[in-house]
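Enquirer: please find the sequence and the predicted model below.
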Amino acid sequence: MGVPMQLQYLAGPTDPFAILSRLPGVSIKQQIQWAEVLVGWDMPEKYLISDPVGGHDLFVAAERSNGVMGAIGRQVFEGGHRPFTLDIAMLAGPGQAPVPFVRLERPFACTCCCLGRPKMHIHNALTNQLIATTVEPCSCCHLRIHMNDQNGSEVLNLNHHCCDCSLLCWGCPCGCQETNFQVYDHGQSVGNIKRQFNAQQALGMITGVNADSDQFHVDFKEVQSPEWKAALIAMALFLDYCYFVKGGKEARRESALGRAVQVERRWENDR
């Protein structure tokens, strides 16, 4: 009888990149921040990364709080504009601290059209070496992310039209429950990032209260290098921040408190 895959990971090497090298893909699930749901106070984002076959949690991606300035930035800026540092760490077991092995750094940039486009640096936290850099280029009708190597040469890119029915009808009972973002290497599809609709988002659509709870599946397909697999995970997180994470005024407006205030104001206006 074969050993279950999740037990193989636990019994295998403790090098997180060695674990990544054996994975055909991962599932990423954003953790709900209740302070944001209730009052719109945006907390540091956190994601659990698991083996999609066995469902075993392998890694955690956690945004650093960065003190007072980090808290202010999360309340002022939307997810697509705020600076952050995020650590991807291997879950070492009960009672043990996660072991960081990838660090994502997005510096603040004043973005205006083609100037100061959002950029994120992906570092190997074990060696402090740069793996890749992701950039969101200026685009009118597309969701685009370019990934460059250490020398600044483009290696991978994501290009998805914003008029995809799965984006326009997100959450509607019409079969549009997934959005597939293809990742290309010079025109050839080498990977896939799939955004999946989930029960928390369905509840949010019914109540009108936002709960950032995105869920992704990353298929590595032709990507074999463990460092570039980590870079694909980073691309999925960057995609979430750029286009789907809410913050600032929008998060406060779509919180439970914000919705209650709106209902009260409408009630007073109708009196």
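Expert: Good, I have the coordinates. Bear in mind the structure is a predicted one, so any value in this text is a computation, not a measurement. Numbers count the residues shown, from 1 in each chain.
Enquirer: so for stretch 182-192, what gets flagged as buried?
Expert: For stretch 182-192, a neighbour-count test (16 or more other C-beta atoms under 10 Å) marks Gln182, Val183, Val190, Gly191, Asn192 as buried. Quick note: C-beta positions are derived from backbone N, CA and C, even for glycine.
Enquirer: same list, those residues, but as TSV with secondary structure please.
Expert: Listed next are those as TSV, based on DSSP: H, G, I helix; E, B strand; the rest coil:
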residue	secondary structure
Gln182	strand
Val183	strand
Val190	strand
Gly191	strand
Asn192	strand
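Enquirer: so who does the spatially most central residue of the chain touch?
Expert: What sits nearest the mean C-alpha location of the chain, by C-alpha atoms, centre = their mean, is Leu237, with 2.5 Å. By C-beta atoms under 8 Å, 6 or more residues apart in numbering, Leu237 lies in contact with Ile28, Tyr47, Ala61, Leu86, Leu104.
Enquirer: those in helices, which ones?
Expert: When DSSP state H defines the helices, the subset of the contacts of Leu237 inside them is empty.
Enquirer: what about His161, distance to Gly152?
Expert: Separation of His161 from Gly152 (C-beta to C-beta, to the nearest Å) stands at 27 Å.
Enquirer: which one's more surrounded, those two?
Expert: His161 (11 against 8; other C-beta atoms under 10 Å).
Enquirer: need the contact partners of stretch 229-236.
Expert: With C-beta under 8 Å, 6+ apart, stretch 229-236 has contacts from 17, 20-21, 23, 26, 28, 49, 61, 88, 101-102, 104, 120, 122, 131-132, 134, 145, 147, 156, 158, 183, 191, 193, 216, 218, 220, 223.
Enquirer: ugh, wrong one, I meant stretch 120-127
Expert: Contacts for stretch 120-127 (C-beta under 8 Å, 6+ apart): 87-88, 100-107, 129-135, 227, 230-231, 234, 238.
Enquirer: quick one: it to chain centroid distance?
Expert: Centroid displacement of stretch 120-127 relative to its chain, using C-alpha atoms, centre = their mean, to the nearest Å, is 17 Å.
Enquirer: which residues of the stretch 101-250 of the chain fall in helices?
Expert: Applying DSSP state H, counting those that start in this stretch to the stretch 101-250 of the chain gives helices spanning 165-168, 199-207, 226-243, 248-253.
Enquirer: any idea of the mean pLDDT for the longest one?
Expert: In this case it means helix 226-243. For helix 226-243, mean pLDDT is 93.
Enquirer: buried ones in it?
Expert: Under the neighbour-count criterion of 16+ other C-beta under 10 Å, helix 226-243 has 226-243 buried.
Enquirer: pLDDT weak spots in the stretch 101-250 of the chain?
Expert: For the stretch 101-250 of the chain, residues meeting the criterion pLDDT under 70 lie at 165-176, 198-213, 246-250.
Enquirer: which parts of stretch 83-102 are buried?
Expert: 83-91, 98-102.
Enquirer: where along the stretch 1-150 of the chain do the strands fall?
Expert: Remark: strands assigned in the stretch 1-150 of the chain by DSSP state E, counting those that start in this stretch are 25-30, 46-50, 57-63, 84-90, 99-106, 119-124, 129-135, 142-148.
Enquirer: in JSON lines: the ones you listed, plus distance to Cys112.
Expert: Formatted as JSON lines, the strands of the stretch 1-150 of the chain follow (distance: least, C-beta to C-beta, whole Å):
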{"stretch": "strand 25-30", "distance to Cys112": "29"}
{"stretch": "strand 46-50", "distance to Cys112": "30"}
{"stretch": "strand 57-63", "distance to Cys112": "25"}
{"stretch": "strand 84-90", "distance to Cys112": "20"}
{"stretch": "strand 99-106", "distance to Cys112": "17"}
{"stretch": "strand 119-124", "distance to Cys112": "14"}
{"stretch": "strand 129-135", "distance to Cys112": "15"}
{"stretch": "strand 142-148", "distance to Cys112": "17"}
